[in-house]
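**Student:** Let me see the structure of the following:
(chains A and B)
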Amino acid sequence: MTVAPYERLARLSWPRVVFVGLVAAFAVLTIPTLVDKHSWTGVTISVAVTAILAYVYLTPKRIAARFLVPGTILLLAFQVYPVAYTITTAFTDYGDGHRLSQSQAVAQIEADSVLEQPGAQRYELSVATKTTDTPGAFVFFLTDPNGKVERGDASGLTPVPDSQVTKDQFTGKVTAAVGWHILTGIQVNGLGQRLSAFAVPTSGGFIKSVGLSEAYIGQFTMKYDAAAHTMTDTRTNTVYKASGGEFKAADGSGKTLPIGWKVGVGFKNFTSVLTNATIRGPFLRVLIWTIAFAILSVLTTFALGLLLAVVMDHPRMRGRKLYSSLLLLPYAMPAFITTLVWSSMYNKDFGLLNKLFGTHIDWLGSPWAARGSVLLTNLWLGFPYMFLVCAGLLQAVPQELKEVARVDGASAFRVFRSVTMPTVLIGAMPLLIASFGYNFNNFNLIRLLTDGGPYPSGSSTAGDTDILISYTYRLAFGGQGAQYGLASAISFLIFVLVGLILYGGFRQTRQLEEVYAR
Amino acid sequence: MTTAAVAVVAAALSLTGCSSSASKSAAGSTSSSSTPSASSSSSSAAAAPSSSSSAPPVRDPNTDLVIWTDAQRAPVLQQFAQSFAAANGISVSVQPVATDLQSAYVTATAAGKGPDIVVGATDWIGNLVQNGAIAPLPLTAAQKGSFQTTALSAVTYNGQVYGVPYATENLALITNTGQAPANPATFEDMVANGQAAVKAGKDSEALAMQIGQQGDPYTAQPLLGSAGGFIFGTKADGSYDPAQVGVDNAGSKAFAAQLAKYGEKGQNVFKRSIDANNAVSLFTSGKAPYLISGPWALEQIRKAGLKYAISPVPGFAGMGPSQPFVGVQAFYVSAKAKNTAIAQEFTLNYLTKKDVEEALYKVDPRAPALTEAYDDVSKTDPDIAAFQAAAAHGVVLPQIPAMSAVWGPLGIAEAAIVGGADPNTSMTNAATQIKAAIAKG
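**Tutor:** Sure, this is the predicted structure:
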């Protein structure tokens, strides 16, 4: 049976039409910007997404797709794309000193090398056009310190007789010229990049504008040879050759130019994790502490949370609401602030803890005390969550089972161990594994509390409380500025590691469920 | 993998993503805003939370001239920029960037969303240049001559001037004159005075000098210099040479020996428990008679209402005078500025005026970089003159990118020695790490 198109449209529900309309409007709004930036990939994606959504929602056939497509698109945009981007970055040297493309770097090196001719004069500058329209070609009217006026364009300087121009009586700047239209400051600025790129050639250099009404004679001290990919310092005649994302001196002196560019480095970032001694050395130590820290954090918080939940669950417990709200207090405070407050409480000489207890423990200055501090703080931050979880799960323990067990003569502990605990564990296991995963990468806590310290003398990269993420963060951003390539490689490794651990954990849970489900 | 696992992995990923945006705060570049030494070590903690919670700044799209600065300086710059804008018939916007201005600027500039002008310390220059983020500023010879020599050399990198300096800053010794005699001749005298004050029950600490768990090479530099140590040697033209690392030379090791002598296992004057968070408050609350700090602490000290005097950090007996770092705050024009001409006009022909530099001093009391303005200001503000005098033997805060490889290892060595580690091996290790990091970069 065929349906006329207008009938098909009439069957469309309002929300769908509005939704597709919004998507189309969004595309219409973004596409001009993308075109403006020559981002053709962006345009393609934008058009494709709009087309797919329009098709799926405006046709009566694709009902299942209506539910799947938006989720898929969001998944692609917010999960797959970042992961893919991280992985591609891992194969480059992207980072400080290697952020530009090669052509940008060459242009920047040349631009940075422009030096004013020593002892040279400055000109008063007026920028002028033939007609009043600023997008057109422009020339410089230059007044030298003696009041002589010259006109400069891309081909060079032409003297201008005084009779043809009006000059400012104090500065000598040309304010009017016969046959020319002098631009205002705003208009000069409006020339933008064209002005920056404009230079009037002279013998031995060129004249460039600086600010709105001044010009100077400059010269390049770096010259790029596109054929040989070399940069030559014209002052010393040192030749720098392009190699591996930077210009290296050809004379073997090891000198490099400060601006480099981004290049692909293959597996270098990955292999350097494994082969570089400063990275590989402490890696195992850090990995062991990371796992210990994550496991101990989960165990201690869970134990305390469960204990408190059981206590609160006791029938003769009074003032339950008050206690519960007090217990949730650490949860209600921003962890960032709490962690910083704890950090100052651990101060050996001025901290609250040592003052309160009259002790002299070097909380953050000795390795084991610092590890203890980290766990203690994390216990404080984490137990309310576990308390909430356990309090909820305790409600799910079947009361009949408990009573039956008690009738059978089981002790209170036996009831807890054999009835309560298994039920709670089955419910809590996925959360415990997730909590493990979270603590495995608990960057904020380590960064704010100890920042990885204390550091063994002679190792500034790996402290005694560093976990993998804080350690790699310092590797990537601590020594030589930002190294996004290396950071991406390590992120990817952590991603794989955490994924494997969690996968194993959840398999275990499923087996646990099967055991207890019998 | 189950959905929960995917969520956790996603969290792990987003965390690593967020840490890259925080990037530079850990790199130990000094002088982020008011406390240079702070960001090199302990206060990186304070920077981290906000950098992960606030969205990265984006250029204000509706104005002709956009300036980025730290939050403290923004209101005053707004005033000047406004009067400049009115005179030129343009609109201007000063955007405060609360945290990690340097890396926010580099990232935004690369994406074409950066400002026309950025304000920051001169040790940023190396990094900003290697990322192609700032352009040279062709100051005239006369303009160059109008600045203090150190200020001019601080903004000069690879033979080019990259910024217009407006304020210089360095460390000095600040004495609570009610508790101890000011201007001690040597470090030893100062310690003796301080310890006498502690013994008399007036104080609990002989000296408030920030070190922290990760050390603080910025604050230690005056004493390192006194002992004859240095971080980088200089080339023939006076600029720093990253190939000459002096951290393990005889002078640096003599300094390390002093660190151990006055450290926690020795006289307990240097303490890791004194850090950027509590050093100034120890002094202002009357618990320490001496404080080593910079002009950024002045406001707090004046508020505390105690009698104070400012003098040079004393050198060790029988060694040289102290050599604090001289850092300079400066204006830079973006290499990708949308309004280069106006930005150059503003920095070169407006900010180099005496009145402007003096007005900037009034809101942020640091020594003006323009000699003429400094001469005026120092007549009425003896503190500024005292700070300037304390830098008589000062050295320019290195602006080469290699400096970022120094803060970490040297700081760790300092903290370790203060905590009791062997001075010689600690310094040798630090030098090895620094050289390796420079060679790799």
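**Student:** and the closest residue to residue B:235 other than its chain neighbours, what element?
**Tutor:** Nearest residue to residue B:235 in three dimensions, chain neighbours excluded: residue B:241, at 4.7 Å (CB to CB, 6 or more residues apart in numbering or on different chains). All C-beta spots, glycine's among them, are computed from the backbone N, C-alpha and C. Of the helices and strands defined by DSSP states H and E, residue B:241 is found in strand B:240-245.
**Student:** Could I get the CA-only coordinates of that strand as CSV?
**Tutor:** Taking Å, rounded to 0.1, in the frame of the first residue of the first chain, the C-alpha atoms of strand B:240-245 are listed here in CSV:
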residue,chain,number,x,y,z
TYR,B,240,71.6,31.7,30.4
ASP,B,241,73.2,28.6,29.0
PRO,B,242,71.2,25.4,29.6
ALA,B,243,74.3,23.4,28.9
GLN,B,244,76.0,24.7,32.0
VAL,B,245,74.2,23.3,35.0
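**Student:** what's that strand packed up against?
**Tutor:** strand B:232-234, helix B:423-440 (3 or more CB pairs under 8 Å, 6 or more residues apart in numbering or on different chains; DSSP states H and E).
**Student:** can you tell which of the ones you listed is closest to residue A:471?
**Tutor:** helix B:423-440 (15.0 Å; CB to CB).
**Student:** can you give me the angle the closest one makes with strand B:240-245?
**Tutor:** Here helix B:423-440 runs at an angle of 120 degrees relative to strand B:240-245 (axes from the mean of the first three to the mean of the last three CA atoms, to 10 degrees).
**Student:** contact partners of helix B:423-440?
**Tutor:** A:278, A:457-461, A:479-480, B:242-243, B:245, B:247-248, B:252-253, B:256-257, B:259-260, B:402, B:405-406, B:408-410, B:412-413, B:416-417 (CB atoms under 8 Å, 6 or more residues apart in numbering or on different chains).
**Student:** returning to that earlier point: what about the residue nearest to residue B:235, how many residues close to it?
**Tutor:** For residue B:241, the count of nearby residues is 14 (other CB atoms under 10 Å in any protein chain shown).
**Student:** mean confidence score for the strand holding residue B:241?
**Tutor:** Mean per-residue pLDDT for strand B:240-245: 91.
**Student:** any idea of the angle the helix or strand following it forms with strand B:240-245?
**Tutor:** Of the helices and strands lying after strand B:240-245 in sequence (DSSP H and E), the nearest is helix B:250-261. Calculated by the same axes, to 10 degrees, helix B:250-261 forms an angle of 70 degrees with strand B:240-245.
**Student:** For the following helix or strand past helix B:250-261, which helices and strands make contact with it?
**Tutor:** Later in the chain than helix B:250-261, the nearest helix or strand by DSSP H and E is helix B:279-284. Packing contacts for helix B:279-284, counted by 3+ CB pairs under 8 Å, 6+ apart, involve strand B:290-293, helix B:298-304.
**Student:** Run a quick neighbour tally on residue A:427.
**Tutor:** Residue A:427, neighbours per other CB under 10 Å, totals 16.
**Student:** Okay, and it sits in which element?
**Tutor:** Assigned by DSSP H and E, residue A:427 belongs to helix A:421-440.
**Student:** and that helix, which residues are buried?
**Tutor:** Using 16 or more other CB atoms under 10 Å in any protein chain shown as the test for burial, helix A:421-440 gives A:423-440.
**Student:** then it to PDB, C-alphas only?
**Tutor:** Extracted in PDB, the C-alpha atoms of helix A:421-440 (Å, rounded to 0.1, in the frame of the first residue of the first chain):
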ATOM      1  CA  MET A 421      27.200 -10.800  54.900                       C
ATOM      2  CA  PRO A 422      26.600 -12.800  51.700                       C
ATOM      3  CA  THR A 423      23.500 -10.800  50.900                       C
ATOM      4  CA  VAL A 424      25.300  -7.500  51.400                       C
ATOM      5  CA  LEU A 425      28.400  -8.700  49.500                       C
ATOM      6  CA  ILE A 426      26.500  -9.700  46.500                       C
ATOM      7  CA  GLY A 427      24.800  -6.300  46.300                       C
ATOM      8  CA  ALA A 428      28.000  -4.400  47.200                       C
ATOM      9  CA  MET A 429      30.500  -6.200  45.000                       C
ATOM     10  CA  PRO A 430      30.000  -4.200  41.800                       C
ATOM     11  CA  LEU A 431      30.200  -1.000  43.800                       C
ATOM     12  CA  LEU A 432      33.400  -2.200  45.500                       C
ATOM     13  CA  ILE A 433      34.900  -3.000  42.200                       C
ATOM     14  CA  ALA A 434      33.900   0.400  40.800                       C
ATOM     15  CA  SER A 435      35.300   2.000  43.900                       C
ATOM     16  CA  PHE A 436      38.600   0.100  43.400                       C
ATOM     17  CA  GLY A 437      38.700   1.400  39.800                       C
ATOM     18  CA  TYR A 438      38.000   4.900  41.100                       C
ATOM     19  CA  ASN A 439      40.700   4.800  43.800                       C
ATOM     20  CA  PHE A 440      43.200   3.300  41.300                       C
END
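**Student:** any idea which helix or strand comes after that helix?
**Tutor:** helix A:443-449.
**Student:** Just the buried positions in the following helix or strand past that next one, please.
**Tutor:** Next in sequence after helix A:443-449, counting helices and strands by DSSP H and E, comes helix A:468-477. Using 16+ other CB under 10 Å as the test for burial, helix A:468-477 gives A:468-477.
**Student:** do helix A:468-477 and chain B meet?
**Tutor:** Yes: contact of helix A:468-477 with chain B is found when judged by CB under 8 Å from any CB of the partner chain, involving A:469, A:473-474, A:476-477.
**Student:** Turn those into TSV, columns for pLDDT.
**Tutor:** Putting the residues of helix A:468-477 next to chain B into TSV (pLDDT from 0 to 100) gives the following:
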residue	pLDDT
A:469	89
A:473	86
A:474	83
A:476	77
A:477	77
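**Student:** For the spatially closest residue to residue A:310 that is not a sequence neighbour, give me its contacts.
**Tutor:** Once flanking residues are discounted, residue A:310 sits nearest to residue A:394: 7.0 Å by CB to CB, 6+ apart. With contact taken as CB under 8 Å, 6+ apart, residue A:394 is in contact with A:309-310, A:313, A:420, A:424.
**Student:** And residue A:394, how close does it get to residue A:300?
**Tutor:** According to CB to CB, to the nearest Å, residue A:394 stands 19 Å off from residue A:300.
**Student:** List the buried residues for the one helix or strand residue A:501 maps to?
**Tutor:** Residue A:501 belongs to helix A:484-517 when assigned by DSSP H and E. Going by neighbour count (16+ other CB under 10 Å), the buried part of helix A:484-517 is A:484-495, A:497-499, A:501-502, A:505-506, A:509.
**Student:** again, but for stretch B:290-304
**Tutor:** B:290-298, B:301.
**Student:** Can you narrow the residues you listed down to the ones near chain A?
**Tutor:** Applying CB under 8 Å from any CB to those, none is adjacent to chain A.
**Student:** Next, give phi and psi for residue B:396.
**Tutor:** Dihedral angles of residue B:396 (phi, psi; degrees, to the nearest 10) stand at phi -70, psi 130.
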